[in-house]
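K.L.:
show me how the following folds:
(2 chains, ligands or ions: 2)
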Amino acid sequence: MERIFGGVPKRALGLLGLMIASLIIAPAIVNAYVLSVILITLYFAYVGQAWNLMMGYAGQLSLGHTLYVGLGAYTSAALFVHFGISPLIGLFVGMAIAVAAGALIGSMAFRFGIGGVYFALLTIAFAEFTRILFEHFDWVGAMGGFFLPVENRDSSDFLNLRGGPVMFYYVILFLCFAALGVNQWLLRSRLGYYWMAIREDQEAAQAVGINTFRYKMIAVMISAAMTALGGVFIAFYYNNLFPADAFGMHRSIELILAPIIGGMGTLFGPILGAFILTPLGEGLTILMESMGVKAAGVKQLFYGVILLVIIRFVPGGVWPLISKKLGIDKRMKGKSE
Amino acid sequence: MSVPLLKIDQLAKSFKGLRAVDGVSIEVPEGKIYALIGPNGAGKTTIFNMIAGVFAPTEGQVLFGGQDITGLRPDQVCQAGIGRTFQVVKPFNDLSVLDNVLVGALRKTPHVDEAREAASTILKQLGLDGKSQQMATNLTLPERKRLEVARALATGPQLLLLDEVMAGLRPTETDEMVTFFRNLNKETGITILLIEHVMRAVMALSERVYVVNYGQLLSQGTPDEVVNDQAVLDCYLGEDAF
Ligand SMILES: Nc1ncnc2c1ncn2[C@@H]1O[C@H](COP(=O)(O)OP(=O)(O)O)[C@@H](O)[C@H]1O
Ligand SMILES: [Mg+2]
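P.N.:
Ligands and ions are numbered 1, 2, ... in the order given. Okay, here's the model as predicted:
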């Protein structure tokens, strides 16, 4: 606990407590639609944090991160549908498979010194390859999609992740802030410092005794596991899976927007980014629909514009600015107190 | 004398046909401070890089404490007990000065708090304690050179390789550094091999000097012997070196 909370400014803890408290009582206040928007915001905050560990902290750019979402989703859904295995068990299998995939990509890339853009391309290639594989994988419905039985939505069966939106809401709320705590804990350990050293300068990191291969592998594997858990959630929440959607490039891009906008390499950045981006995107969709405009790419275009503005004017993301304004600028960036 | 702490034997390195280092042998006994000098492009940094595992030598061997460490990775060389600085400094820019050194100190302890304490101590010794909360990117070049030293020292090496850490320092700063290394060597018994152009530092610190030119050893001896060697004067020192 000390390693999670120790040294964090009181004010930051207070604000965080306030935020979590409001999110806990939100289902009693807001309507079903608003709740679904917050839910999906929390989902992006969660997977954004998972990606941020790898890119923001260990400096390894993955552009195919939806691979792990898809593997977690399909694995847990298939085990549930075909064998009746609870997702609470299936999630471990899904995470293990995602970790294995991450380890394969990482070992191929890092062993041969493939970094930067080439590593990113490799992650895309793997996600695309897996998409094509799943499009021909009849056991999970191939192109036609894979569906979970939608049952009585009024009673919650947490053990099988069957229930109404409020149950899913609390699940993702827990995941999101549990991830924040876990990340803070990791980043304040030797592992976190080694990741940042690798991000800043690999040669210098090696010179102080860091086995960069090993620590990059650990980053990929932890990030893959966390992301796969998000996949389990999303599979059971939406109840349907399509290869083009689960493994599609657009999903990988969507997944990294929140941390980029909120601030890569900051603990809170991905959460802030999700809370900025997702509600804006949803609002825009509603606005367009109410005006009778049916343009499929508008949200993507809008995300693109926001991204451009952020990269042009606040390349470090929004969180560093805001934390300064809030007077909690201890830069939760691994800086010592 | 027992085995030297560091012994490089007939070390050679070719870059696409260019023979940057061409059969150099050097020994550094435990507890000594030795220097490596020579004109720019002579191959000094390349020798360090081969010792430190950045590249494997084309030919030859590196022995550390009698053990063959040729071809080990840089992190393994560090784990074996060799710390090095980079001539072209490589700070962890977006980390604080303290965290830069803390990362080094994590070689000796897995506990971040202990490493932080060790790092503070080292920063104090190097006169960087006033800067410990600044981002490394904000330091001046001489400060960054000292940070290189601090980070390497934090790994707790038996042998320290210093690559031009006094370049660009004012004379008084150079003298401070010289005093620092001399005391460090006296108190901890650490062995140092330094590459340096600042002859007043070389003269003051090192017991023995190796002179490299065009990838080969041109001369070796005590500092006095070397500065009076006509071959060395012709190729490197000249009059304006002092
Ligand atoms: N990584 C490298 N690739 C190609 N050539 C190199 C490399 N490193 C050094 N060299 C060349 O090797 C020679 C020796 O360089 P260096 O060891 O840096 O000299 P010094 O440190 O004595 O100034 C130079 O000609 C340099 O250009
Ligand atoms: Mg050099």
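K.L.:
so after the longest helix that chain B contains, what's the next helix or strand?
P.N.:
Criterion DSSP state H: the longest helix present in chain B is helix B:171-188. Going down the chain from helix B:171-188, the next helix or strand is strand B:191-195, by DSSP states H and E.
K.L.:
quick one: strands adjacent to that next one?
P.N.:
When pairs are called by DSSP bridges, strand B:191-195 turns out to pair with strand B:33-37 (parallel), strand B:159-163 (parallel).
K.L.:
list the buried residues in the helix or strand following it.
P.N.:
Where DSSP H and E defines the elements, the next helix or strand beyond strand B:191-195 is helix B:199-205. Judged by neighbour count (16 or more other C-beta atoms under 10 Å in any protein chain shown), helix B:199-205 contains these buried residues: B:Met199, B:Ala201, B:Val202, B:Met203, B:Ala204, B:Leu205. Every residue, glycine included, has its C-beta placed from N, CA and C.
K.L.:
flag every residue of chain B that's near ligand 1.
P.N.:
B:Phe15, B:Ala20, B:Gly38, B:Asn40, B:Gly41, B:Ala42, B:Gly43, B:Lys44, B:Thr45, B:Thr46 (C-beta under 6 Å from any ligand atom).
K.L.:
narrow the residues you listed to those in helices?
P.N.:
B:Lys44, B:Thr45, B:Thr46.
K.L.:
closest one of those to A:Gly327?
P.N.:
B:Thr45 (46.2 Å; C-beta to C-beta).
K.L.:
measure that closest one to B:Ala80 for me?
P.N.:
Computed as C-beta to C-beta, to the nearest Å, the B:Thr45 to B:Ala80 distance reads 20 Å.
K.L.:
pick out the residue nearest the middle of the chain.
P.N.:
By default, I'm working from chain A. A:Val47 (0.8 Å; C-alpha atoms, centre = their mean).
K.L.:
look at chain B instead
P.N.:
Central residue of chain B (C-alpha atoms, centre = their mean): B:Leu162, at 1.6 Å.
K.L.:
got a pLDDT number for that residue?
P.N.:
B:Leu162 carries a pLDDT value of 97.
K.L.:
next one: B:Met1
P.N.:
At B:Met1, pLDDT is 55.
K.L.:
so which elements touch the least confident helix or strand in chain B by mean pLDDT?
P.N.:
For chain B, counting by mean pLDDT, DSSP states H and E, helix B:230-232 ranks last in confidence among helices and strands (a mean of 84). If you count contacts as 3 or more C-beta pairs under 8 Å, 6 or more residues apart in numbering or on different chains; DSSP states H and E, helix B:230-232 packs onto strand B:216-221.
K.L.:
buried sites along the strand it packs on?
P.N.:
Quick answer for strand B:216-221 (16+ other C-beta under 10 Å): B:Gln216, B:Leu217, B:Leu218, B:Ser219, B:Gln220.
K.L.:
please apply the same query to stretch A:290-302.
P.N.:
Neighbour-count burial for stretch A:290-302 [16+ other C-beta under 10 Å]: A:Lys299, A:Phe302.
K.L.:
start to end distance for that stretch?
P.N.:
Length of stretch A:290-302, first residue to last, C-alpha to C-alpha, to the nearest Å: 17 Å.
K.L.:
go on, stretch B:207-223?
P.N.:
Stretch B:207-223: ends 7 Å apart by C-alpha to C-alpha.
K.L.:
just give me how far that stretch sits from the chain centre.
P.N.:
16 Å (C-alpha atoms, centre = their mean, to the nearest Å).
K.L.:
over to stretch B:224-234?
P.N.:
23 Å.
K.L.:
regarding whatever residue of the stretch 151-300 of chain A ends up closest to ligand 2, what is its secondary structure?
P.N.:
Nearest residue of the stretch 151-300 of chain A to ligand 2: A:Glu203, at 14.9 Å (C-beta to the ion). Assigned by DSSP: H, G, I helix; E, B strand; the rest coil, the conformation of A:Glu203 is helix.
K.L.:
assess the claim that it and B:Arg73 are in contact.
P.N.:
No. Applying C-beta atoms under 8 Å, one finds A:Glu203 not in contact with B:Arg73, separated by 11.4 Å.
K.L.:
out of the two, which sits in the more crowded spot?
P.N.:
B:Arg73 (16 against 13; other C-beta atoms under 10 Å in any protein chain shown).
K.L.:
which residues touch that one?
P.N.:
A:Gln206, A:Asn211, B:Gly53 (C-beta atoms under 8 Å, 6 or more residues apart in numbering or on different chains).
K.L.:
return the distance of it relative to B:Phe55.
P.N.:
Taking C-beta to C-beta, one finds B:Arg73 at 11 Å from B:Phe55.
K.L.:
and A:Leu326, what's its pLDDT?
P.N.:
80.
K.L.:
which stretches in the stretch 1-150 of chain A count as helices?
P.N.:
A:2-5, A:10-29, A:32-52, A:66-83, A:87-111, A:116-135 (DSSP state H, counting those that start in this stretch).
K.L.:
quick one: the second one to helix A:32-52, angle?
P.N.:
If you take axes from the mean of the first three to the mean of the last three C-alpha atoms, to 10 degrees, helix A:10-29 sits at 140 degrees to helix A:32-52.
K.L.:
now the residue of the stretch 151-300 of chain A closest to ligand 2. Nearest residue, chain neighbours left out?
P.N.:
Nearest non-adjacent residue to A:Glu203, counting by C-beta to C-beta, 6 or more residues apart in numbering or on different chains: B:Lys90, 6.1 Å away.
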